[in-house]
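Visitor: the following comprises the amino acid sequence and a computationally predicted model.
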Amino acid sequence: MFSKDAPKDVKTPRIAAEVWHNGEFIKWDEARVHVMAHVLHYGSSVFEGIRCYKTARGPAVFRLREHMRRLLNSAKIYRMDHDWTLDELCAASVDLVRRSELEQCYLRPIIFRGFGTFGVNPFPNPLECYIGAWDWGKYLGEEAIEHGIDVCVSSWNRLSPNSMPVMAKSGANYMNSQLIKMEALVNGFAEGIALDDRGFVSEGSGENIFLVHDGKVMTPPLSSSILPGITRDSVIEICRELEIPVVEQGIQRAALYVSDELFFTGTAAEVTPIRTVDRITIGDGRRGKITERIQQRFFEITAGTRPAPGNWLTYVRTEETDEKVSVNYAAAMD
Ligand SMILES: Cc1ncc(COP(=O)(O)O)c(C=O)c1O
C-alpha cells in the first residue's frame, strides 16, 4: 500500500554459513536476539559495512582497520563500554572471510545492547558483537555504475549534529535514511539527497556525494551532517593522486543542478554516477569524464591491480594486514 511498486533490494547470492559472535564462530541460524532486546525498542546499535573484493591474490578486505576504527568510535560516542579491540575485530573479520570460502563479500559488524532489563536507560543491558558476511552485488544496480542513476532532493533533512551524532554509524540514524530512501523510491527515483538543517547539501541515504564543476571536485564537509565516509576519504586520496583539485566545502542545493558531474560514494554504492537530480539533467546526462577516471582508479585499486595510495587491502589468504589508519575523523569543522 505505502510501498507501491518500489524496487526490491539487490540479490543476495550467498551468505556465509557462520557468524562471529563475542569471540567465537556460531552457525548463521543460531545468531538470534530476544524480542525484548534494548536495540529493538530503542535503536541502540552501531555497525559497519565493509567490502571484501575478489583479487588475483584471493579475497581482500578494503580499508578494514579504518572501518573497525569507525565502529569503535561509534561505540564510544554511545558510551558502550566493551573489551573488543581493533586488532581482535580485524582478525575476526579476516577469519570469517577465510572460513566462509567466499571470493568476495560484504561484512557487517554490529555492536548492540541486548536484553537485560526494560526501559530507555541503556546501561543495564549487555553488549553483543556480531560479524556476518554475504556476497552482495552492486547496491544501486549493475547498470548504475556505467549509466548513472536518477535521484531527487529529499524533503527530509539529515539529522542535525546536536540531535543525533551523524559521525556515529548507528542503527537509529538509518530511520532518517529510510525516510529519505522510501520517499525517493515511491516517487520513482533510485536515491534521495538530503540537505542539512541549514539547507546545505549533506549526503544520500547511504552515500556521500561529490560534485564536479569546471574540472574541480567538491564534497560537503563533515560539518554538513555527513557520515565520515571511508569511500569518500578514498576518493579524496585518489583525486590527489590523479592531480584533480578537490575541496571540502558547503554546497547549495542549486549547485547540484548546474554541476558538470555528480556522483555518490559509499561502501555499498562504490562510485556511482548521478545523471539527473529532480529530473534536471546533470552535464550531458551520462557518466562524466572525471567521474569515470576516479571510478576506474577506484576499481583498479579494489581489484588489487594497481597499488593504493595507502595500505588499503587486507589479503585474507596471505595474512598480509595493514597497520595504517588514516581517515581524519577530527576534521569535523568547515
Ligand atoms: C549515511 C551514509 N553516508 C555515507 C556513507 C558512505 O560511507 P562509507 O564510504 O564509509 O561506506 C554511508 C555508508 O556507509 C552511509 O550510510
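Guide: That came through, no problem. Numbers count the residues shown, from 1 in each chain.
Visitor: got the contact list for the nearest residue to residue 297 once chain neighbours are set aside?
Guide: In space, and not counting its chain neighbours, residue 297 is closest to residue 238: 5.0 Å by Cβ to Cβ, 6 or more residues apart in numbering. For every residue, glycine as well, the C-beta is placed using N, CA and C. Contact analysis of residue 238 by Cβ atoms under 8 Å, 6 or more residues apart in numbering lists 294, 297-298, 301, 309.
Visitor: same question, residue 213
Guide: Counted by Cβ under 8 Å, 6+ apart, residue 213 has contacts 255, 258-260.
Visitor: out of those, which is most surrounded?
Guide: Within those, most neighbours by other Cβ atoms under 10 Å means residue 259, with 20 neighbours.
Visitor: and the worst-scoring helix or strand of the chain on mean pLDDT, what's buried?
Guide: Ranked by mean pLDDT, DSSP states H and E, the weakest helix or strand in the chain is helix 142-147, scoring a mean of 86. For helix 142-147, burial by neighbour count (16 or more other Cβ atoms under 10 Å) applies to 144-145.
Visitor: just to revisit the earlier point, are any of the contacts of residue 238 buried, and which?
Guide: Among the contacts of residue 238, those scoring as buried are 294, 297-298, 301 (criterion: 16+ other Cβ under 10 Å).
Visitor: which residues in the stretch 151-300 of the chain form strands?
Guide: In the stretch 151-300 of the chain, the strands defined using DSSP state E, counting those that start in this stretch lie at 191-195, 201-204, 208-213, 216-219, 246-248, 261-266, 270-277, 280-281.
Visitor: what about the closest residue to residue 181 other than its chain neighbours, how many neighbours?
Guide: With Cβ to Cβ, 6+ apart as the criterion, residue 181 has its nearest non-adjacent residue at 4.2 Å, and that residue is residue 205. Residues lying near residue 205 (other Cβ under 10 Å) number 24.
Visitor: what pLDDT is listed against residue 205?
Guide: Per-residue confidence (pLDDT) for residue 205: 98.
Visitor: can you give me the distance of it to the ligand?
Guide: 6 Å (Cβ to the nearest ligand atom, to the nearest Å).
Visitor: would you check that that residue makes contact with residue 185?
Guide: No - the pair residue 205 / residue 185 is not scored as a contact, 9.9 Å apart, by Cβ atoms under 8 Å.
Visitor: just to revisit the earlier point, which of the contacts of residue 238 scores worst on pLDDT?
Guide: Comparing the contacts of residue 238 by pLDDT, residue 309 comes last, at 93.
Visitor: so that residue is in contact with residue 236, correct?
Guide: No - counting by Cβ under 8 Å, residue 309 does not reach residue 236; the two are 9.7 Å apart.
Visitor: check contacts around the nearest residue to residue 278 once chain neighbours are set aside.
Guide: Using Cβ to Cβ, 6+ apart and skipping the chain neighbours, the partner closest in space to residue 278 is residue 152 (5.3 Å). When the contact criterion is Cβ under 8 Å, 6+ apart, the partners of residue 152 are 183-184, 187, 189, 192-193, 277-278.
Visitor: ok, and the most crowded of these?
Guide: residue 193 (26 neighbours).
Visitor: run through who's touching stretch 182-196.
Guide: Stretch 182-196 is touched from outside by 2-4, 6-7, 140-141, 144, 149-158, 160, 176, 180-181, 201-205, 207, 209, 220, 224-225, 253, 256, 264, 277, with contacts defined as Cβ under 8 Å, 6+ apart.
Visitor: recalculate using a threshold of 6 Å.
Guide: Contact with stretch 182-196 is made by 4, 6, 140, 149-154, 156-158, 180, 202, 204-205, 224-225, as judged by Cβ atoms under 6 Å, 6 or more residues apart in numbering.
Visitor: buried only: go through those for me.
Guide: 140, 149-154, 156-158, 180, 202, 204-205, 224-225.
Visitor: need the max-distance pair from those.
Guide: The largest distance within the buried ones among the contacts of stretch 182-196, taken as Cβ to Cβ, falls between 150 and 225 and amounts to 23.7 Å.
Visitor: would you confirm that residue 86 contacts residue 66?
Guide: No - applying Cβ atoms under 6 Å, one finds residue 86 not in contact with residue 66, separated by 10.2 Å.
Visitor: neighbour count for the two, which is higher?
Guide: Neighbours per residue (other Cβ under 10 Å) separate residue 86 from residue 66, with residue 66 holding more: 23 against 14.
Visitor: quick one: average confidence on the helix or strand harbouring the more buried one?
Guide: Using DSSP states H and E, the element containing residue 66 is helix 64-77. Taken as a whole, helix 64-77 carries a mean pLDDT of 98.
Visitor: check stretch 186-198 too.
Guide: Averaging pLDDT along stretch 186-198 gives 97.
Visitor: anything in it near the ligand?
Guide: No - using Cβ under 6 Å from any ligand atom, stretch 186-198 stays clear of the ligand, coming no nearer than 8.7 Å.
Visitor: kindly format the C-alpha coordinates of that stretch as PDB.
Guide: Extracted C-alpha coordinates of stretch 186-198, given in PDB (Å, rounded to 0.1, in the frame of the first residue of the first chain):
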ATOM      1  CA  VAL A 186       7.900   5.700  -4.200                       C
ATOM      2  CA  ASN A 187       8.400   8.800  -6.400                       C
ATOM      3  CA  GLY A 188      10.400   6.700  -9.000                       C
ATOM      4  CA  PHE A 189      13.900   7.800  -8.100                       C
ATOM      5  CA  ALA A 190      16.800   5.400  -7.200                       C
ATOM      6  CA  GLU A 191      18.000   7.500  -4.200                       C
ATOM      7  CA  GLY A 192      17.500  10.800  -2.300                       C
ATOM      8  CA  ILE A 193      19.900  13.500  -1.400                       C
ATOM      9  CA  ALA A 194      19.300  15.100   2.000                       C
ATOM     10  CA  LEU A 195      20.100  18.700   2.900                       C
ATOM     11  CA  ASP A 196      21.400  19.500   6.300                       C
ATOM     12  CA  ASP A 197      19.400  21.600   8.900                       C
ATOM     13  CA  ARG A 198      20.800  24.800   7.300                       C
END
